[in-house]
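Novice: What follows is a predicted structure for the sequence shown.
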There are 2 protein chains.
Amino acid sequence: MAEDRENRISEQPEDSIRQVMDLIARHRLVENLVHKQDMPRHELVESLVHKQNLAELQKKLDQLHPADVAYILEALPLEDRLLVWDLVKAERDGDILIEVSDAVRESLIASMDNQELVAAAASLDTDEIADLAPDLPRDVVQELLRSLDETKRAQVVSSLSYREDSVGALMDYDFVTIRADVTVEAALRYLRRLGDLPSHTDKLFVIERDGTLIGVLPLKRLLIHDPEVHIAAIMVDDPVSFQPEDDASDAAQAFERYDLITAPVVDARGKLIGRLTVDVVVDFIRAQTESDMLALAGLREEEDLFTTVWKAAKNRWMWLAINLCTALVASRVVGAFEGSIEKLAALAALMPIVAGLGGNTGNQTGTLVVRGLALGLINRDNAMRLLVKELGISLLNGAVWGGVMGVVTYLLYGNVGLGAVMALAMLLNLTVAALAGFLAPTLIDRLGRDPAFGTAVLITFITDSMGFFIFLGLATMFLL
Amino acid sequence: MAEDRENRISEQPEDSIRQVMDLIARHRLVENLVHKQDMPRHELVESLVHKQNLAELQKKLDQLHPADVAYILEALPLEDRLLVWDLVKAERDGDILIEVSDAVRESLIASMDNQELVAAAASLDTDEIADLAPDLPRDVVQELLRSLDETKRAQVVSSLSYREDSVGALMDYDFVTIRADVTVEAALRYLRRLGDLPSHTDKLFVIERDGTLIGVLPLKRLLIHDPEVHIAAIMVDDPVSFQPEDDASDAAQAFERYDLITAPVVDARGKLIGRLTVDVVVDFIRAQTESDMLALAGLREEEDLFTTVWKAAKNRWMWLAINLCTALVASRVVGAFEGSIEKLAALAALMPIVAGLGGNTGNQTGTLVVRGLALGLINRDNAMRLLVKELGISLLNGAVWGGVMGVVTYLLYGNVGLGAVMALAMLLNLTVAALAGFLAPTLIDRLGRDPAFGTAVLITFITDSMGFFIFLGLATMFLL
């Protein structure tokens, strides 16, 4: 299958994609014209142009790689997306469903009946079926499992049993094994007889009779050694391997660090059960960093760009509600100083600067700490040093920018005391910000959660509330 | 070299890393004890323990993969980092310098003299030398270039001539070429004679006599076809290839989409000049998404976790200064309404809620748009639809949460008018936020800049200023 895919990539996929996009746009244009002039839908000319267009579109789509079709589907609004989806040959449905994002996949699956879904999924490898299964209706999964042979069914069921972010959920079952006591020549003959190798095969897995992994044999060693050499003499006997329960992010780091293409997955007794490949790992890395980025912005999960307003609104409600609560608390802090503000309204104008700069500083520290935690660079030994450094930066920045703002405040309001309070409040709140930026993600991490979720909200909450409190409190004490 | 690296990976690298970390901690402990008790530095016992420790540490380090040593260096404060760096064998310096982050690399290079640097760099492949060169002192680069043979020197110079984010800057020159008119058997014999293949080789590049690329031959086809078949009959004749001027991010997308491991790089006339490999692409993807994440948080560039306070502060000044300016403008908006605030101090307490929720909503939209632009999913045809959707979500959220806040405001202050102004201001500012969230990254993108840089600052500026203006303006009009 991978060989077919490779063959389908045209030299200039960008051009083909643009042509398809143009055809879709032309199709919509004709439809709109017909619509506006109130022509009867079945009119001859229209239907001819229409059919010609669609035929051309279908031809172009057939020539595209499944990943390119997926890309086009992602970039189209729902209506056009389903038009294109209908034109795609049924036997390619499965490959394309695997490539699209979760949100788009949902919209495509909703447009298919059970029979089509079973057919589409049945054409896939077992690890791909396991990827797809959670998004399919329950009865489709049942029917699908019944249609598989026993080995494949067992593989799908076991893939589904692993945590989402574990090695087991990412591994596939396509590998070639070999025994250590055969020669290079015998191995080459064996491969030739196999007739095809799974995609991404860069090494064979060397096992004992009972299935225990004892080494790996990079294909290039097979190519450069003499025919009569034994596999045992040229295999790598301490390869990097994973267990299905391992964290996928640890495995991803190992792939990056050791530049791996494939790696064996073994059970607790060392028996070979699966394989991790770099393409799946790359997708995992991309998905992980994106979900961190979306989480930092307060989006609960990946969102289809053209999803319905209702669905998107729901995706964003949770963070908005939390944000509303924290904003209310900060507002009550200000409310406690309403008497001071009535006497000196300048305080109301200046307090957002103290809070805003604090939030900014806190989030700089917070992002660095989130990244450091994700890469495993922060531990008990060096955490204190990091905190001291961040506090140092905040003191320096607080002194510099607090001083600047103190002068600006004096120039604006001609009030020396107000300038001094401003400078001191900035210095203190930037220190609070460094503390919050360090503690918020560290605590979330200690609680066993992903620090990307919630760090920004927590930091902003602290810097806002404390910023208002420090500034208005100092002003009330010294100026009124 | 790649083979050696693969051999060095122990089965449990995590354990080895932890052992090394423990040794370093123990070493520091002894040092501190000696220090505290004011023992003379040269005292016998101490120096013995010390030496024993360092010897053990050195032994452990020698067994580690360069990437693991790099990881340890990243996680250590400067003092300990240089201690470890001194213990690393000189011949491994180059491999390790390639693996560490820019910020840490700088600190290591600063501790080496010119001779050491030339020796370390000379041990690397030409593409790696080109990676390292921008960080080296000028005279070291000159000396280094003089020490290379003509081919290698030309390769380094041409690598250095490409834009940082281009395919040319990422490609290497390690590939195996073959002619189309030879047989599988001849090819196998040729590879065996070569004795080693470059790392990541999953395909050979098929070229004509003048160096023009005419196809690629996946190794697995070489393995599964009969010895007498000709290469021309089994090669892939329309492979994905890149030109050195292509954007690296486009190439990375192609690698992800088509699950590539290596791909040829050709010049404008189709002549083979280099190769892209998946490990470099993975590093590029990681660096790109990280720099976006850091940029969204207002960090100018990657920061060594344990850099000096002074350096880190400089890295963060630019965004703080910009943020200070935008906060000042927002503050002047509030200043214009000081008269209203004096009469009704509750306005000061409520206005941060309007601004804050606006910023939150705007950044949700902004992050989605930044991501859509990065993936190339947003174009002229669908931009309007996307904007309409985002405005719809904001109207819905504005109506819901504005309504909630209106009621809460009424309950807090017993003032129906104030509640109504609050609800209306929330609705309007959330609409402004959707507009800002869409327009800010789109405009930055049109100007040819990376939308990740500046989007958040611009959105927050608009939602703060407009939030204050709308809320205080409405209140002044209707309540006072």
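Specialist: Good, I have the coordinates.
Novice: going forward, measure contacts between C-alpha atoms and count neighbours the same way
Specialist: Noted.
Novice: give the contact list for A:Phe255.
Specialist: Neighbouring residues of A:Phe255 by C-alpha atoms under 8 Å, 6 or more residues apart in numbering or on different chains: A:261, A:278, A:281.
Novice: So which residues on the stretch 151-300 of chain A come close to chain B?
Specialist: A:188, A:191-197, A:200-202, A:220-221, A:223-226, A:236, A:238-241, A:256-261, A:279, A:282-283, A:285-286, A:289-290, A:293-294, A:297-299 (C-alpha under 8 Å from any C-alpha of the partner chain).
Novice: could I get the contacts of A:Phe255 as TSV with pLDDT, secondary structure and neighbour count?
Specialist: Converted to TSV, the contacts of A:Phe255 look like this (pLDDT from 0 to 100; DSSP: H, G, I helix; E, B strand; the rest coil; neighbours: other C-alpha atoms under 10 Å in any protein chain shown):
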residue	pLDDT	secondary structure	neighbour count
A:Ile261	95	coil	21
A:Val278	95	helix	24
A:Val281	93	helix	25
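Novice: per-residue confidence averaged over the helix or strand containing A:Thr431?
Specialist: Per DSSP states H and E: A:Thr431 is located in helix A:416-446. Averaging pLDDT along helix A:416-446 gives 96.
Novice: Which residues of the stretch 351-480 of chain A lie near chain B?
Specialist: The stretch 351-480 of chain A has residues A:352-353, A:356-357, A:360-361, A:363-364, A:367-368, A:372, A:377-378, A:382, A:385-386, A:389-390, A:392-393, A:396-397 near chain B, with proximity defined as C-alpha under 8 Å from any C-alpha.
Novice: Show me which of those are buried.
Specialist: A:352-353, A:356-357, A:360-361, A:363-364, A:367-368, A:372, A:377-378, A:386, A:389-390, A:392-393, A:396-397 (16 or more other C-alpha atoms under 10 Å in any protein chain shown).
Novice: residues of the helix or strand hosting A:Ile98 that come out buried?
Specialist: If you go by DSSP H and E, A:Ile98 is part of helix A:93-99. Of the residues in helix A:93-99, A:93-99 count as buried by neighbour count, 16+ other C-alpha under 10 Å.
Novice: pLDDT and distance to chain B for those residues - can I get that in CSV?
Specialist: Conversion of the buried residues of helix A:93-99 to CSV gives the following (pLDDT from 0 to 100; distance: C-alpha to the nearest C-alpha, whole Å):
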residue, pLDDT, distance to chain B
A:Asp93, 93, 17
A:Gly94, 93, 16
A:Asp95, 93, 12
A:Ile96, 94, 11
A:Leu97, 94, 14
A:Ile98, 91, 12
A:Glu99, 90, 8
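Novice: average pLDDT for the host helix or strand of A:Ala120?
Specialist: In this structure, A:Ala120 sits in helix A:114-122 according to DSSP H and E. Confidence over helix A:114-122 (mean pLDDT, whole number) is 91.
Novice: buried ones in that helix?
Specialist: Neighbour counts over helix A:114-122 (16+ other C-alpha under 10 Å) mark A:114, A:116-122 as buried.
Novice: Would you mind giving me the confidence score for the residue sitting nearest the centre point of chain A?
Specialist: For chain A, the residue sitting closest to the mean C-alpha position, by C-alpha atoms, centre = their mean, is A:Ala287 at 1.8 Å. Confidence at A:Ala287, expressed as pLDDT, is 83.
Novice: buried residues in the helix or strand encompassing it?
Specialist: A:Ala287 belongs to helix A:278-296 when assigned by DSSP H and E. Neighbour counts over helix A:278-296 (16+ other C-alpha under 10 Å) mark A:278-282, A:284-286, A:289-296 as buried.
Novice: Identify, from these, the entry nearest to chain B.
Specialist: A:Asp279 (5.5 Å; C-alpha to the nearest C-alpha).
Novice: Flag the shaky bits of the stretch 351-480 of chain A, pLDDT-wise.
Specialist: Counting by pLDDT under 70, the stretch 351-480 of chain A contains no low-confidence range.
Novice: What segments of it are helices?
Specialist: Listed from the start of the chain, the stretch 351-480 of chain A has helices (DSSP state H, counting those that start in this stretch) covering A:380-413, A:416-446, A:455-479.
Novice: What is the distance between the shortest one and the centre of its chain?
Specialist: Which is helix A:455-479. In terms of C-alpha atoms, centre = their mean, to the nearest Å, the centre of helix A:455-479 is set 34 Å apart from its chain centre.
Novice: Next, the angle from it to helix A:278-296.
Specialist: Computed by axes from the mean of the first three to the mean of the last three C-alpha atoms, to 10 degrees, the angle separating helix A:455-479 from helix A:278-296 equals 30 degrees.
Novice: Now do the helix holding A:Ile98: which elements does it pack against?
Specialist: Helix A:93-99 sits against helix A:66-75, helix A:114-122, helix A:126-132, with contacts defined as 3 or more C-alpha pairs under 8 Å, 6 or more residues apart in numbering or on different chains; DSSP states H and E.
Novice: what is the orientation angle of the helix or strand that the first one is followed by with helix A:66-75?
Specialist: Translated: helix A:66-75. Counting by DSSP H and E, the next helix or strand C-terminal to helix A:66-75 is helix A:78-87. If you take the same axes, to 10 degrees, helix A:78-87 sits at 150 degrees to helix A:66-75.
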